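**Q** Pasting the sequence and the predicted coordinates here, then a few questions.
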Amino acid sequence: DFPSGYTGYHNFAEMTAELNQAVADHPNLVSLRSIGKSYQGRDLWAVKISDNPSVDESEPEALFTCNQHAREHLTVEMCLHIIKRYTDNYASNSAIKSTVDSREIWVIPSVNPDGAEYDIATGSFRAWRKNRQPNSTATGTDPNRNWGYQWGCCGGSSGSGSSDTYRGTAAFSAPEVARVRDFTNSRVVGGVQQIKSHIDWHTFSELILWPYGYTYNDTAAGLDATQANVFQTMGRRMASLNGYTPQQASDLYITDGSVDDWMWAAHKIWSYTFEMYPRSASGTSGFYPRDTLIAAQTSRNDTAVQLLLDYTDCVPRITGRTC
Ligand SMILES: NS(=O)(=O)N[C@@H](CCC(=O)O)C(=O)O
Ligand SMILES: [Zn+2]
C-alpha cells in the first residue's frame with residue numbers, strides 16, 4: 001500500500017470503492033462498467049457521466065484516461081477529481097449541470113492497475129512505469145508505446161524487453177491498451193466516432209502535449225496545417241488556464257506508439273497529453289508528490305478541463321471555424 005505521507009492516494013481497491021460510491025451517490029448521473037481485464041485480471045473501469053447515463057444519447061463525448069504509467073499515481077487522483085467535480089457539483093453549479101446535460105463524459109481512472117499495484121506492493125515506491133506483462137527478456141510493456149499508429153516507426157520506443165519504453169511484441173499486445181482501443185472503437189456509432197476530445201493524464205513536468213509525437217513535423221499524413229493550428233490554439237488556451245507549458249509532443253522527445261497519435265490518426269479525436277505537477281524534480285521523486293498536494297494539483301486543471309468540454313461539440317470552433 002502507499003507509505004505514510006501518501007495515504008491520501010487511492011490504491012486499486014480504494015479507487016474501485018470510490019467509483020462504486022459515485023454510482024451510489026449519483027445513480028442518475030453516473031454509470032460504471034468494466035471494459036475488460038488487465039494482464040493480471042484486474043478490472044479496467046470506465047465511468048460515464050451524463051444525464052440519463054444508461055441511455056446512449058446523441059451528445060458529444062469526451063474521454064479522460066489516467067495511469068497508463070504505473071508510478072504516475074497523481075493521475076488516478078486527477079481522474080477521480082473529474083468524476084467528483086462533475087457529479088457532486090451537478091445540483092449546485094449551473095455550468096457543471098449544463099456540461100453534464102449536454103455531454104457524455106467517459107473517465108478511465110486507471111489504464112494500468114497491475115503496474116500501479118506493483119509500484120506500491122512493498123510499501124516503498126519502486127518507480128515502476130510499465131504494465132506487468134512478461135516478455136522474452138524481462139517484465140513490462142510501456143502502454144504509451146504500444147498503440148497502433150506508427151508503432152515502433154521512428155526511434156521513439158525500445159525493442160528491448162527490459163527497457164522502460166519497451167513497445168511490446170506488436171501494436172496492442174498489451175491487454176490494457178487493447179481494451180481501451182476496443183472501447184474507443186465501440187464509440188463509433190453509425191460510422192461516426194462519438195468521442196471528440198481526449199486527455200491522457202501523466203506526470204510530471206507540467207506540459208500540455210498534442211500530436212504528433214512520432215515526427216518533429218507540425219503537419220504530416222492525416223494532420224494538416226488547419227488541424228495543427230486547432231491543436232496549438234486549444235493547447236495554448238488550456239495552458240493559459242493551468243500554467244503548464246504547451247508544445248507538440250515531439251518537441252519533448254520523439255515517441256512512437258503513443259495514445260495521442262492513435263486517437264487522432266485512427267479517430268480524429270482531439271487528443272492531448274497533460275503532464276502534471278511538478279515542473280521538475282531530482283530523479284524519480286517527481287512522480288511522488290506528498291498527498292497534501294493532491295487537492296491543489298488536481299483542481300488546478302479544472303478550468304482547462306472545462307474549456308475542452310465546452311468545445312467538445314466542435315473543437316475547431318476555438319479558431320473560429322465551424323464543424
Ligand atoms: N509521463 S512520461 O512518460 O514522462 N511522458 C510521456 C509523454 C507522452 C508523449 O510525449 O506523448 C511518455 O513518454 O509516454
Ligand atoms: Zn507517463
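**A** That came through fine. Ligands and ions are numbered 1, 2, ... in the order given.

**Q** Residue of the stretch 201-323 of the chain closest to ligand 1, please.
**A** residue 202 (3.4 Å; C-beta to the nearest ligand atom). C-beta coordinates here come from the backbone N, C-alpha and C atoms, glycine included.

**Q** same deal with the stretch 1-150 of the chain?
**A** Closest point on the stretch 1-150 of the chain to ligand 1, by C-beta to the nearest ligand atom, is residue 144, at 3.7 Å.

**Q** still on that earlier bit, which residue comes closest to the residue of the stretch 201-323 of the chain closest to ligand 1 once chain neighbours are left out?
**A** Distance criterion C-beta to C-beta, 6 or more residues apart in numbering; nearest residue to residue 202, sequence neighbours excluded, is residue 275 at 5.0 Å.

**Q** Might one say that residue 147 is in contact with residue 262?
**A** Yes. With contact defined as C-beta atoms under 8 Å, residue 147 counts as touching residue 262 (3.9 Å).

**Q** The two: which is more packed in?
**A** Applying other C-beta atoms under 10 Å to residue 147 and residue 262 shows that residue 147 carries more neighbours, namely 29 against 25.

**Q** Please save the CA atoms from the biggest helix by length in the chain in PDB.
**A** Criterion DSSP state H: the longest helix present in the chain is helix 225-242. C-alpha atoms of helix 225-242 as PDB (Å, rounded to 0.1, in the frame of the first residue of the first chain):
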ATOM      1  CA  ALA A 225      -1.900  22.900 -41.100                       C
ATOM      2  CA  THR A 226      -5.500  23.800 -40.200                       C
ATOM      3  CA  GLN A 227      -5.800  20.900 -37.800                       C
ATOM      4  CA  ALA A 228      -2.300  21.700 -36.400                       C
ATOM      5  CA  ASN A 229      -3.500  25.200 -35.700                       C
ATOM      6  CA  VAL A 230      -6.500  23.900 -33.800                       C
ATOM      7  CA  PHE A 231      -4.300  21.700 -31.700                       C
ATOM      8  CA  GLN A 232      -2.000  24.600 -31.000                       C
ATOM      9  CA  THR A 233      -4.700  27.100 -30.300                       C
ATOM     10  CA  MET A 234      -6.700  24.900 -27.900                       C
ATOM     11  CA  GLY A 235      -3.400  23.600 -26.300                       C
ATOM     12  CA  ARG A 236      -2.200  27.200 -25.700                       C
ATOM     13  CA  ARG A 237      -5.600  28.300 -24.300                       C
ATOM     14  CA  MET A 238      -5.700  25.400 -21.900                       C
ATOM     15  CA  ALA A 239      -2.100  26.100 -20.800                       C
ATOM     16  CA  SER A 240      -3.000  29.700 -20.100                       C
ATOM     17  CA  LEU A 241      -5.500  28.300 -17.600                       C
ATOM     18  CA  ASN A 242      -3.400  25.800 -15.700                       C
END
